[in-house]
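S.K.: I would like to see how this sequence folds:
(one chain, ligands or ions: 1)
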Amino acid sequence: MIYLLIGIIGLLALVLIFKMGAAFNGLPVLNYHKISAAEADFLTVSTTQLRQHFEYLNKNGYTTLFISEVLEHVEQKKPLPAKPVMITLDDGYRDNYTCLYPLLKEYNIKANIFLVAGFIQSPDNNHVSPNPMGEFMSATEAITMSKDMVQFGLHTYTHQSYSKLSLPEIEADLKKTRARLQELNIPVQPCHAYTFGAYNQKDDQKRQAMFELLAQNDVRLAFRVSNWVDKLPVKNKFFISRIHVSGLFPFWKFKVALWGFIKIFNRFEAMLK
Ligand SMILES: [Zn+2]
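M.R.: The predicted model follows:
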């Protein structure tokens with residue numbers, strides 16, 4: 001039993017050393033969802049926690065990046081700053097405008113929000129009200145944020161899982177999502193975030209066909225959630241890793257996540273339980 005434990009710890013140490021490379025020469029992409037002035041939960045980070053995160057990034061010399069800057073790096077090999085980090089938020093909740101946006105300005109931090117186009121509030125939107133997922137930002141709020149601290153990307157029309165759709169259905173959804181954002185005058189980057197963090201993890205062929213479809217539809221970067229930090233240069237621009245930041249993380253766990261060790265840490269923690 002003791003040898004087994006030593007073996008497991010040794011193996012973990014090896015993975016850790018291997019992963020250190022990504023942490024020191026990688027692009028951490030943090031993934032948030034809701035921001036609240038009050039309570040935190042799995043998908044909601046409180047403004048108090050977010051201030052801690054932003055203070056840490058600024059004090060430790062991190063530079064936050066827009067999608068467009070990462071795109072220039074990937075496509076034109078434009079160099080990135082020494083400690084790059086991407087802040088991303090999924091879905092386009094209204095609290096991103098009310099709670100996140102003031103903090104972005106205060107800390108001079110750039111963020112990227114992946115919008116569910118059909119959920120954006122506008123005078124002509126009669127889509128599911130109230131929405132069971134939460135309250136979503138208005139087109140006017142999105143346009144305001146796009147003027148300084150925020151860039152936007154695609155996150156489907158009604159939060160469908162692309163893993164459950166055929167390629168023609170995905171293509172139709174991409175087109176519909178883009179058209180809606182254009183109709184609302186919301187500027188959007190050629191970039192997509194997979195809903196539910198993933199796309200056909202097990203079917204390589206289908207995944208490859210999906211990447212080709214994205215490329216044909218002028219999607220030039222796509223993000224998943226894998227809780228790793230990808231090493232630079234980015235190996236697969238249609239499968240960039242992001243790290244889920246939970247409101248249940250104590251501050252030290254946020255640091256572990258930022259350094260790219262949260263997956264290893266979670267596995268280790270689960271083994272000890
Ligand atoms: Zn989502």
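S.K.: helix or strand for the residue in the stretch 1-150 of the chain that the ion sits nearest to, which one?
M.R.: For the stretch 1-150 of the chain, the residue closest to the ion is Asp90, as judged by Cβ to the ion, at 4.0 Å. Backbone N, C-alpha and C define where each C-beta goes, glycine included. Here Asp90, judged by DSSP states H and E, is contained in strand 84-91.
S.K.: re earlier: spatially nearest residue to the residue of the stretch 1-150 of the chain closest to the ion (excluding sequence neighbours)?
M.R.: Using Cβ to Cβ, 6 or more residues apart in numbering and skipping the chain neighbours, the partner closest in space to Asp90 is Phe114 (5.0 Å).
S.K.: same question, Tyr56
M.R.: Nearest one to Tyr56, counting by Cβ to Cβ, 6+ apart, is Lys255 at 7.1 Å.
S.K.: Quick check: which element contains that neighbour?
M.R.: Here Lys255, judged by DSSP H and E, is contained in helix 251-258.
S.K.: Quick check: mean pLDDT of that helix?
M.R.: Per-residue pLDDT over helix 251-258 has a mean of 96.
S.K.: same question, stretch 107-118
M.R.: For stretch 107-118, the mean per-residue pLDDT is 97.
S.K.: Start and end of it, how far apart?
M.R.: For stretch 107-118, the first and last residues are 31 Å from each other (Cα to Cα, to the nearest Å).
S.K.: That one vs the ion: in contact?
M.R.: No - using Cβ under 5 Å from the ion, stretch 107-118 never reaches the ion; the gap is at least 6.8 Å.
S.K.: which residues touch the helix holding Lys255?
M.R.: Residues outside helix 251-258 that contact it (Cβ atoms under 8 Å, 6 or more residues apart in numbering) are 28, 30, 49, 52-53, 56, 85, 227, 243-245, 249, 262, 265.
S.K.: Most widely separated two among these?
M.R.: Gln52 and Asn227 (20.0 Å; Cβ to Cβ).
S.K.: could you give me the average pLDDT of the helix or strand encompassing Glu72?
M.R.: Using DSSP H and E, Glu72 sits within helix 67-76. When pLDDT is averaged along helix 67-76, the result is 97.
S.K.: and Pro84, how far is that from Cys191?
M.R.: Going from Pro84 to Cys191 by Cβ to Cβ, to the nearest Å gives 16 Å.
S.K.: These two: which is more packed in?
M.R.: Taking neighbours as other Cβ atoms under 10 Å, Pro84 and Cys191 compare with Cys191 leading, 25 against 19.
S.K.: Perfect, that will be all.
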